[in-house]
Each structure stands twice: as structure tokens, then as C-alpha cells.
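# Got a predicted structure here, sequence first:
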Number of protein chains: 4
Amino acid sequence: MTTSDTPIEPPDAGAAPGYDVAESTAAILRRLRRVEGQVRGIQGMVADGRYCIDVLQQVSAAQAALDKVALALVDDHTRHCVLGADPETREERHAELMTALARMVGRR
Amino acid sequence: MTTSDTPIEPPDAGAAPGYDVAESTAAILRRLRRVEGQVRGIQGMVADGRYCIDVLQQVSAAQAALDKVALALVDDHTRHCVLGADPETREERHAELMTALARMVGRR
Amino acid sequence: MTTSDTPIEPPDAGAAPGYDVAESTAAILRRLRRVEGQVRGIQGMVADGRYCIDVLQQVSAAQAALDKVALALVDDHTRHCVLGADPETREERHAELMTALARMVGRR
Amino acid sequence: MTTSDTPIEPPDAGAAPGYDVAESTAAILRRLRRVEGQVRGIQGMVADGRYCIDVLQQVSAAQAALDKVALALVDDHTRHCVLGADPETREERHAELMTALARMVGRR
């Protein structure tokens, strides 16, 4: 089990060729900053007493943005932590991913 | 159609007895502030190179928190804007809610 | 609490004008028969060893169809059982709907 | 691109050791037969005019069962079609999986 507070090892040789982890991290951070802005915007709408349906639409937009972050993390994990690992570690990390996907899909 | 930038009218007589809109708004704002903190925390995790599965778990937690915000808004809208409206406005607002729910459920 | 095995009372005067419950029930049944056919088709695909991604696409289609059934039921319930009820029953039925929506949205 | 109507090749050496595709297919088929029964049951409930909230609960149960089918297919695909493939095919199949997951998660 990868311990939660250790930074992950650098991109290994097993990762897909041409795949740039730093680039992918930067894209995920950009998306997250945008989500933070959306959530702050929603607070303003609620504080101003804006129409609930308009607020709901913005909540759905923030959810969709977080879905994209989640998918980017799944993509990174598969390429970088599953495909690039030795067979035993791979099995463990694949199992961790399946648990995370079950949580994402939400219903159990 | 309620225009998007008009603050909504004060709680009307048709709303459920004992239902306190200000209280509900305060609870929604508290939840949103917590979501904002969660999203900022996720940015820190990504910047620190934390294990993707741990990041994913926090994304799922933020999504679950936003789901609760969305449900609270649906509850408010139904009580306050649908049930408390005259029949014609009610029909329009109910239709707006159904559209918002379809967006929330996500698949079309 | 409406007991689970009692057929629901006939459409009441409070329901939206021009709203036809029998028509809506027929549409829901048509959708459900189509979902049943989809699920049987997916069984055939799996038994034939078809490519997992193609099977997954059909599972997503069946889920989307069930989402539409769920939304139609929410629509019916709100119009027929919430809006058309006296204030006290209305509160109870609205609360039941919110619980059902939380289950639909899935994350808690 | 794997063509949609070709049965997939037999389990390859790259699949996780101890992983039994036939066993997994049988489990997926069992789940699907149960979902088919659930959907037929829901039709009966609607035809009998059962309370919408009870019907909704059964729809949510069928959705949760389909979610499990989808996750089992994702698991199979990753083990069998992604991990067991040569690097180029692997990239293509991983990309197909990411598209399928985006569809599953639903919001875009």
C-alpha cells in the first residue's frame, strides 16, 4: 500500500511514451483553481439571494469540472502508477483504482 | 421565467410552516465555504505530488459535499418557489426544477 | 406514510391542469420495456464475448434510460402527490421525495 | 481500434495471475439477469399503480446493480485488454477506457 503522505516516485520508464506528468499536473491545478473560483462565485449568488435554479446550474457546472479533475487523476494513475509498475505492485494499485472508481460512480 | 439577476421575492405564505429560509441559506453558505476549503486542500495535495488515489478520494468528498448543496437548493426551491406560487407560476417553476434535476443526474 | 402496497389514489384536483397520469404511466412503461430489452441485449453481448468497451457503452445507455424513468417518476410524484395534497401530507411527501433524490444522486 | 463485432482474443499471458475471465463473465451475466428481473419487477409496480417513491427506490436499486456491472467490465478491460497488450495497443485501449469512464461518470 502506497502510504498517503509520501510523494510519489518520479515518472517511470513504463509510463506511456510522450506522456508528460508535470504538464498533466499543471493542467489539473488550473482546473482546480477554476473550480475554487466557481465555488466562491456560488457563495456570492447564494448570499445575494439569487434564484435557486440559477445557483443549481452553477453547482452542476462545478460538479462537471470536478468530474474532469477526477478523470484526469484516473488517467494519470493508470498510466503512471499501474502500467509503469512491476506485476505485484500493479495488482495492488489497480485494486486501489477500482475502489476509487466505485466511490466516484457513487452508488454501491 | 424568473430573470437571473433579480433577487428572489421574500418567503411567501405558501411555504411550509416552520420553514426558515434565512437559516437554510446560512447552512448552504457554511457548506459552500467548506467545499471551497476542500478544493484548496486538493490543490495543495496535487502540488505536493501526493498519491493520486488519495487525491481522488478528496475529490469524491468534495463532490459529495456539492451534492448536498444541490439537494438543499432543490428542497428550498420546491418549498419556497414551487409550493408557494400561484398555479401558473408553479407549473413554470416546476418545469425549471425538472430541467435542473436532469442536469444534476447528469446523463441525458 | 403511504403504505407500499396500496395503489395510489386517483389523480386529484390539485394536479397541474392538462396533466394526464394514464398517459404518463404508459410512457414510463414503454421506457421500462425498452430498458428490459437493452439489458437482455447486454447479456447477449457478454455471452458472445464482445469487446468490453462496446458492452460498457450499452450499460451507459441503459443507465441513461433508467435516469429518464426516474425523472419521470419524480415529475409525476411532485405534480400528483405533493402539489395536489393538503399541507400536512404535502410536507411528508416532499420529505419522502428529498430522500429518494438523495438516493438517486447517490453520493451521501 | 478493436472492431465492435469481433469476439475478443482469449485471455493473454499479460493478465493478472490467478484472474479467471470465464468466472468473471459468469458473474457479470448473473448480475445482468438479476437487473433484468428488477426492471420487470418495476414494470409490474408501475402497472399496479404503486406509490412513486417505492418505484423510485427500485429504480435506484437497478441503477446501483448496473453500476456494479459497469465497474466489473472496467476491471476486466483493464486487466485483460490494457495490461495484457503491447505498448501501442495498450495506449489505444486505455484511451477507449477513459472515454467510456467519462460517459459513465456522465457529466462532461
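Perfect, thanks for sending it.
# low-confidence ranges in chain A?
A:1-19, A:106-108 (pLDDT under 70).
# can you give me the helices for it?
Taking DSSP state H, the helices of chain A run over residues A:21-47, A:52-76, A:87-105.
# measure the residue nearest the centre of chain A to chain C for me?
Residue closest to the mean C-alpha point of chain A, counted by Cα atoms, centre = their mean, is A:Ala70 at 2.7 Å. A:Ala70 is 12 Å from chain C, where distance means Cβ to the nearest Cβ, to the nearest Å. All C-beta atoms are positioned from the backbone trio N, CA, C, and that covers glycine.
# Repeat that for A:Arg34.
21 Å.
# repeat for A:Cys81
In terms of Cβ to the nearest Cβ, A:Cys81 sits 21 Å off from chain C.
# Check the helices of chain A for me and report the most buried one.
Greatest average neighbour count among the helices of chain A goes to helix A:52-76 (a mean of 22), per mean count of other Cβ atoms under 10 Å in any protein chain shown.
# can you pull the contacts of the closest residue to A:Ala62 other than its chain neighbours?
Nearest residue to A:Ala62 in three dimensions, chain neighbours excluded: A:Gln38, at 4.3 Å (Cβ to Cβ, 6 or more residues apart in numbering or on different chains). Listed by Cβ atoms under 8 Å, 6 or more residues apart in numbering or on different chains, the contact partners of A:Gln38 are A:58, A:61-62, A:65.
# any chance of those residues in TSV, plus distance to A:His77?
Below are those laid out as TSV (distance: Cβ to Cβ, whole Å):
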residue	distance to A:His77
A:Gln58	29
A:Ala61	25
A:Ala62	23
A:Ala65	19
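# Pull the contacting residues for the closest residue to A:His77 other than its chain neighbours.
Take A:His77 and drop its neighbours on the chain: the residue closest to it by Cβ to Cβ, 6+ apart is B:Cys52, 3.9 Å away. B:Cys52 makes contacts with A:8, A:73-74, A:76-77, A:80-81, as judged by Cβ under 8 Å, 6+ apart.
# Could you identify the most distant pair in these?
Largest separation among the contacts of B:Cys52 by Cβ to Cβ: A:Ile8 and A:Val74, giving 14.8 Å.
# need the residues of chain A near chain D, please.
A:16-17, A:60, A:63-64, A:67, A:70-71, A:74-75, A:78-79, A:82-83, A:87, A:90-91, A:94, A:97-98, A:101-102, A:104-108 (Cβ under 8 Å from any Cβ of the partner chain).
# Pretty sure A:Ala27 sits against A:Ala72.
Yes: if you go by Cβ atoms under 8 Å, A:Ala27 and A:Ala72 touch, sitting 6.8 Å apart.
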